[in-house]
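Novice: Predicted structure and sequence below. I'll ask about it afterward.
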Amino acid sequence: MSGSYDESMIDVSSDSFWEVGNYKRSVKRVDDGSRLCNDLMNCLHERARIEKSYAQQLTEWGKRWRQLIEKGPQYGTLERAWSALCTEAEKVSDLHMEVKSALMGEDYEKLKNWQRDSYHKQMIGGYKETKEAEDGFRKAQKPWAKKLKEMETMKKSYHSACKEEKLAASRETNSKLENNNPDAQKKLQEKVEKCQQEVQKTKERYQKSLEELDKLTPQYMENMEQVFEQWQQFEDTRICFFRELLLEVKQHLDLSTNHRFQTIYQTLEDTVSAVDAEDDLKWFRSNHGPGMPMNWPQFEDWSIDLNRTLSKREKKKPSEGVTLTGISQTAPDQHVPPVKTSSSLNVPTNTTPVGSNPFGDGEEEEQEEEEQQQQQEKEEEETAVEQPTTVNHISVKKEEIKTASSMEKTTEWSDEDTGGNPFSSNGDGNPFEDEPAPSVSVSVAVRALYDYDGQEQDELTFKAGEELTKIGEEDDQGWCKGRLKNGQTGLYPANYVEDIQ
């Protein structure tokens with residue numbers, strides 16, 4: 001019988017730890033500890049991603065709704081309370097980003113470093129600690145396993161001898177019953193005696209082997225206990241570390257213990273509680289209602305002051321031509337240079353007499369201007385043929401000058417007839433202001449945030465959610481020019497729409 005220890009020949013017939021080879025579950029626990037470190041790191045990483053995603057969604061939500069609230073019709077203390085929700089979202093978003101940073105920068109890294117220090121990989125694969133556990137249990141179990149194998153061999157021999165002895169006795173009994181040859185019966189009887197001797201011999205060996213195994217068992221149990229306790233301590237270290245780490249994770253996740261978190265909601269509650277309907281209504285009355293100041297019409301003496309405040313429509317009205325300045329009369333006998341005609345030289349169809357008040361906006365002043373204008377045109381027509389006109393040192397006859405009426409007149413702003421301003425080079429500007437820069441063509445898709453009913457003929461009407469095209473930049477009064485899907489163009493309030501992303 002070979003005295004070598006061969007695990008492949010051991011039949012594990014029980015699930016007990018003391019059976020040969022059943023220590024492998026304790027060895028596997030070492031490998032499982034490293035795998036559990038990886039699982040916990042993945043768990044923390046996923047939670048950190050969730051925290052980051054939630055923080056980003058809160059920030060985007062708060063930013064979008066803050067813009068909508070600011071552009072919307074809500075006002076006063078209620079607007080501040082509504083906006084406080086967006087402020088809460090932004091601050092809570094910052095806290096969740098800090099949670100994400102703590103999970104990845106502290107907890108994740110701490111676990112990663114502990115795993116690296118506790119489990120050392122081998123070049124041939126597996127962990128050093130796993131191999132140490134395997135070798136320790138094998139060494140502690142090897143003597144007992146070897147004696148157990150010998151005992152199993154003795155046991156098998158004894159049982160075989162018993163079987164042979166019983167078979168020989170059965171043959172001898174049958175021979176006596178059949179009255180066979182005495183020589184044959186004698187041989188069978190000798191066989192029985194020989195088998196009985198073999199049984200006795202193997203039984204003694206079996207009992208001796210079992211006694212030796214029993215003597216070795218206490219030492220075997222002690223050695224196995226020592227190795228097992230060694231790796232119990234290793235596992236105890238892992239469990240305690242995981243417990244401390246999870247407590248730190250809980251502390252990072254529990255925002256209710258963060259004083260900043262409590263302050264956020266205390267501030268939100270104070271802001272919402274400060275909503276005062278009476279103050280809001282009073283504010284609206286003073287800024288958009290009967291409480292607004294009014295410059296009621298009063299008697300005004302005629303003034304020569306040239307600082308005229310133009311209305312929105314006069315500012316936006318396109319040029320109807322250029323006003324000729326520096327006009328001087330020439331004598332009939334003076335030589336008239338040849339006329340250089342140009343499509344860019346035009347005379348406005350309307351001029352304002354010098355004696356008229358340039359600041360009047362009423363209907364009576366407009367009628368006076370028209371009457372004076374008509375009278376002046378008649379005088380010019382009578383004298384135009386007789387007196388040539390010199391324009392910037394170029395003399396031309398009145399009939400040869402192309403009037404501004406040949407220019408294309410845009411109807412973008414005009415739904416009423418107003419006279420041109422004689423103080424502007426383009427017919428309708430303030431002589432003390434710089435000429436407006438030419439408008440830049442734009443085409444931006446926008447969506448209506450609220451319903452709007454046009455109050456004038458040149459204003460658009462649309463419903464909330466309707467899409468239109470912005471074709472003009474916002475002016476200083478908050479109006480934009482746009483075009484509906486049906487092709488209608490007009491003005492609308494700039495804060496009633498948002499750009500389509």
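Specialist: Sure, I can see it. Keep in mind that this is a model prediction, so the values were computed, not measured.

Novice: Give me the below-cutoff pLDDT ranges for the chain.
Specialist: The chain contains residues with pLDDT under 70 at 1-14, 180, 305-370, 375, 377-440.

Novice: how about 80 then?
Specialist: The chain contains residues with pLDDT under 80 at 1-14, 172, 175-185, 303-441, 501.

Novice: Can you check which helix is longest in it?
Specialist: Ranked by residue count under DSSP state H, the longest helix found in the chain is helix 182-253.

Novice: How far does that one sit from its chain's centre?
Specialist: Helix 182-253 has its C-alpha centroid displaced from the chain centroid by 62 Å (CA atoms, centre = their mean, to the nearest Å).

Novice: what helices or strands is that helix leaning on?
Specialist: On a contact count with 3 or more CB pairs under 8 Å, 6 or more residues apart in numbering; DSSP states H and E, helix 182-253 meets helix 24-71, helix 76-102, helix 109-118, helix 128-178. Every residue, glycine included, has its C-beta placed from N, CA and C.

Novice: Let me have those in TSV, adding distance to residue 242 and mean neighbour count as columns.
Specialist: Formatted as TSV, those follow (distance: least, CB to CB, whole Å; neighbours: other CB atoms under 10 Å):
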stretch	distance to residue 242	mean neighbour count
helix 24-71	7	16
helix 76-102	17	18
helix 109-118	8	14
helix 128-178	17	16
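
Novice: would you turn those into TSV with distance to residue 259?
Specialist: Output for these, formatted as TSV (distance: least, CB to CB, whole Å):
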stretch	distance to residue 259
helix 24-71	19
helix 76-102	11
helix 109-118	25
helix 128-178	43
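
Novice: so residue 492 sits in a helix?
Specialist: No. Going by DSSP: H, G, I helix; E, B strand; the rest coil, the assignment for residue 492 is strand, not a helix.

Novice: Identify the residues contacting it.
Specialist: 452, 454, 459, 460, 462, 468, 479, 480, 482 (CB atoms under 8 Å, 6 or more residues apart in numbering).

Novice: what number of residues lie near the third one?
Specialist: Using other CB atoms under 10 Å, residue 459 is surrounded by 14 other residues.

Novice: on that earlier part again, beyond the longest helix of the chain, next helix or strand please.
Specialist: Later in the chain than helix 182-253, the nearest helix or strand by DSSP states H and E is helix 259-273.

Novice: What residues sit buried inside that following helix?
Specialist: Residues of helix 259-273 classed as buried by neighbour count (16 or more other CB atoms under 10 Å): 264, 268, 271.

Novice: now those residues in JSON lines, with distance to residue 124?
Specialist: Formatted as JSON lines, the buried residues of helix 259-273 follow (distance: CB to CB, whole Å):
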{"residue": "264", "distance to residue 124": "55"}
{"residue": "268", "distance to residue 124": "61"}
{"residue": "271", "distance to residue 124": "66"}
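
Novice: Relative to residue 49, which of those is nearest.
Specialist: residue 264 (23.3 Å; CB to CB).

Novice: what's the nearest residue to the closest one if we skip its chain neighbours?
Specialist: With CB to CB, 6 or more residues apart in numbering as the criterion, residue 264 has its nearest non-adjacent residue at 4.8 Å, and that residue is residue 91.

Novice: Against residue 270, how distant is that neighbour?
Specialist: 14 Å (CB to CB, to the nearest Å).

Novice: what do you get for residue 231?
Specialist: Applying CB to CB, the value for residue 231 to residue 270 is 58 Å.

Novice: Please apply the same query to residue 70.
Specialist: Remark: distance between residue 70 and residue 270 (CB to CB) = 21 Å.

Novice: same deal with residue 495?
Specialist: 29 Å.

Novice: Also residue 264?
Specialist: Distance from residue 264 to residue 270, by CB to CB: 11 Å.

Novice: Next: residue 481.
Specialist: 44 Å.

Novice: what does residue 176 give?
Specialist: Counting by CB to CB - residue 176 and residue 270 are separated by 115 Å.

Novice: Also residue 490?
Specialist: Distance check for residue 490 against residue 270: by CB to CB, it reads 45 Å.

Novice: Ok, residue 482 next?
Specialist: Per CB to CB, residue 482 is found 41 Å from residue 270.

Novice: Give the bridge partners for the nearest residue to residue 479 once chain neighbours are set aside, please.
Specialist: Residue nearest to residue 479 in three dimensions, not counting chain neighbours: residue 491, with 4.9 Å by CB to CB, 6+ apart. Counting by DSSP bridges, residue 491 is bridged to residue 459, residue 481.

Novice: Was I right to think residue 491 contacts residue 483?
Specialist: No. Assessed by CB atoms under 8 Å, residue 491 is found out of contact with residue 483, at 11.1 Å.

Novice: More neighbours: which of these two?
Specialist: With neighbours defined as other CB under 10 Å, residue 491 and residue 483 compare such that residue 491 has more, 22 against 16.

Novice: For that one, which residues are in contact?
Specialist: Counting by CB under 8 Å, 6+ apart, residue 491 makes contact with 454, 456, 458, 459, 460, 479, 480, 481, 482.

Novice: What of residue 74?
Specialist: Counting by CB under 8 Å, 6+ apart, residue 74 has contacts residue 82.

Novice: how far away is it from residue 32?
Specialist: 59 Å.

Novice: what do you get for residue 45?
Specialist: In terms of CB to CB, residue 45 sits 20 Å off from residue 32.

Novice: same thing with residue 17?
Specialist: From residue 17 to residue 32 the distance is 17 Å (CB to CB).

Novice: Having no further points to raise, I will conclude here.
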